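# Next input, structure requested:
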Amino acid sequence: MQKIRLAVVDDHEKFRKAITRLIHFESDMEVVLQAENGEHLLELLKIKAVDLILMDIRMPKMDGFMASEKVKKLYPNIKIIAFSQYDLEANIIEMNIRGVKSFVGKEDEPRELFKAIRTVINGGVYMTDRSAEIVQRYLLNISKIHNQSTVDLCEKEKTLLKMLVQGLTSRQIGEKLSKSHRTIDDMRNQLYLKFNVNCKEQLIALATKWNLA
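Residues are numbered from 1 along each chain as shown. Alright, predicted model coming up:
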């Protein structure tokens with residue numbers, strides 16, 4: 001029996017190794033590639049073939065959003081499962097919008113991960129109950145959000161939105177607010193979720209239309 005060849009992409013080495021050890025005991029799957037970010041993954045994929053990628057989302061150099069887009073373009077036959085945390089719902093929505101329809105949380109039991117791998121490798125889509133609830137709630141709110149003339153924002157979100165409209169990058173905004181660019185990216189993704197958009201241009205267009213910035 002040919003084993004399912006897996007890649008584990010996560011910027012925490014201890015976590016990568018822990019997941020690899022767990023998967024080692026599954027007779028039908030094996031980890032053949034470990035990468036610390038999306039950039040590293042793409043380099044390794046040039047020399048090592050895999051069937052499915054367990055993709056973290058928040059990583060330095062190249063995050064899971066960009067890495068997933070590039071993998072889907074360069075290697076359309078490779079399956080992807082977003083394997084991250086539930087702490088930022090916008091990340092789940094963003095991956096879903098970008099075509100990654102399967103999600104497992106790092107907090108979930110290993111059996112949930114193994115079930116997801118087998119389901120996805122056979123052409124299915126797998127979402128945990130929690131991730132499915134997040135996506136369903138998002139979809140139910142789409143029409144409401146688009147019909148609103150305003151969105152409730154805290155002061156930090158208003159400041160971030162104003163800077164985005166001004167054309168500042170995440171790194172530039174981070175320097176002004178004394179926060180890391182990854183934190184700014186997370187805040188921006190939360191705005192995407194609130195406004196029901198999937199890119200900065202759409203966010204700026206709605207903010208300008210509703211005179212929010």
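# pLDDT-wise, which helix or strand of the chain ranks last?
When the helices and strands of the chain are scored by mean pLDDT, DSSP states H and E, helix 129-147 comes last with a mean of 69.
# That one: what's the following helix or strand?
helix 155-165 (DSSP states H and E).
# Packing partners of that next one?
In terms of contact count using 3 or more C-beta pairs under 8 Å, 6 or more residues apart in numbering; DSSP states H and E, helix 155-165 is assigned the packing partners helix 170-177, helix 181-195, helix 200-209. Just so you know, the C-beta spots here come from the backbone N, C-alpha and C atoms, and that holds for glycine as well.
# Domain map for the protein?
Domain assignment for the chain by automatic domain parsing gives 4-133, 146-209.
# send the alpha carbons of the helix or strand hosting residue 80 over as CSV?
Secondary structure from DSSP H and E places residue 80 in strand 79-84. Listed in CSV are the C-alpha atoms of strand 79-84, where the atom choice follows Å, rounded to 0.1, in the frame of the first residue of the first chain:
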residue,chain,number,x,y,z
LYS,A,79,-4.2,18.8,-1.5
ILE,A,80,-4.1,21.4,1.3
ILE,A,81,-5.5,21.4,4.8
ALA,A,82,-5.3,24.6,6.8
PHE,A,83,-3.8,23.5,10.1
SER,A,84,-3.8,26.4,12.5
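# Distance from the chain centre to it, please.
Here strand 79-84 shows a centroid-to-chain-centroid distance of 8 Å under the convention C-alpha atoms, centre = their mean, to the nearest Å.
# helices or strands next to the helix or strand following it in the packing?
Going down the chain from strand 79-84, the next helix or strand is helix 89-97, by DSSP H and E. Judged by 3+ C-beta pairs under 8 Å, 6+ apart, helix 89-97 is in contact with helix 64-74, strand 79-84, strand 103-105, helix 129-147, helix 181-195.
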